[in-house]
Each structure stands twice: as structure tokens, then as C-alpha cells.
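S.K.: Fold the following, please.
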Amino acid sequence: MYFAQEWACPDEPIKIGFTADPLERLRMLRLKTGLHLHFLALVPATMHMERELHKVFVGDRIQGEWFHPTTELRHVVALARAGSSDA
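M.R.: Now for the predicted structure:
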């Protein structure tokens, strides 16, 4: 599972996604969106875990897998980046 956001733009939406090939997915997202996206965090997960996280943040959803960068979501990203099992 990954958390992606436009480079150096902390107020921009965060994408929560799942892929078997993170680098290829990042390349495709950059082409599709025209944004200079980067991974905030990459964590081992299942598609089910990704869907559950989408449910947790459903109130912050902008469209599809893109979410407002709320304090709560940023906290989850920080935990994921730190490798915490609480993420």
C-alpha cells in the first residue's frame, strides 16, 4: 500500500493506493495526473487493508482514492513511514 502526494505540496490531496509494482504505478500516476507525485510512505499491506483505510477516511474523500490531507491522515502516514504496526 502506498500514500502519494505532489512533491513539496503538503496541502495537496493524498492518494491511498495498492499496487504490486510501486515504481511503475508512480510513473503511471505522474503521466496520468501531470503532477510530480512522490511516495510519502510504502507499507506491506493487502488490498483489503487499503479498502478498510479508505472506509476510515471516507468523510475526507475527494474523489476515488484521493483524500484531503487531514491531521488524522497525516498521522497515519507518519506511522506508516516510521514502520509502526499502528498504521
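S.K.: Specify the beta-bridge partners of residue 39.
M.R.: residue 4 (DSSP bridges).
S.K.: Just the pLDDT for it.
M.R.: With respect to pLDDT, residue 39 scores 97.
S.K.: If we go by neighbour counts, what in whatever helix or strand residue 78 lives in is buried?
M.R.: In this assignment (DSSP states H and E), residue 78 forms part of helix 71-82. By neighbour count on 16 or more other C-beta atoms under 10 Å, the buried set for helix 71-82 is 73, 76, 77, 80. C-beta: built from backbone N, CA, C; applies to glycine.
S.K.: how about JSON lines for those residues, with distance to residue 65 and pLDDT added?
M.R.: Putting these into JSON lines (distance: C-beta to C-beta, whole Å; pLDDT from 0 to 100) gives the following:
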{"residue": "73", "distance to residue 65": "12", "pLDDT": "98"}
{"residue": "76", "distance to residue 65": "14", "pLDDT": "97"}
{"residue": "77", "distance to residue 65": "14", "pLDDT": "97"}
{"residue": "80", "distance to residue 65": "15", "pLDDT": "94"}
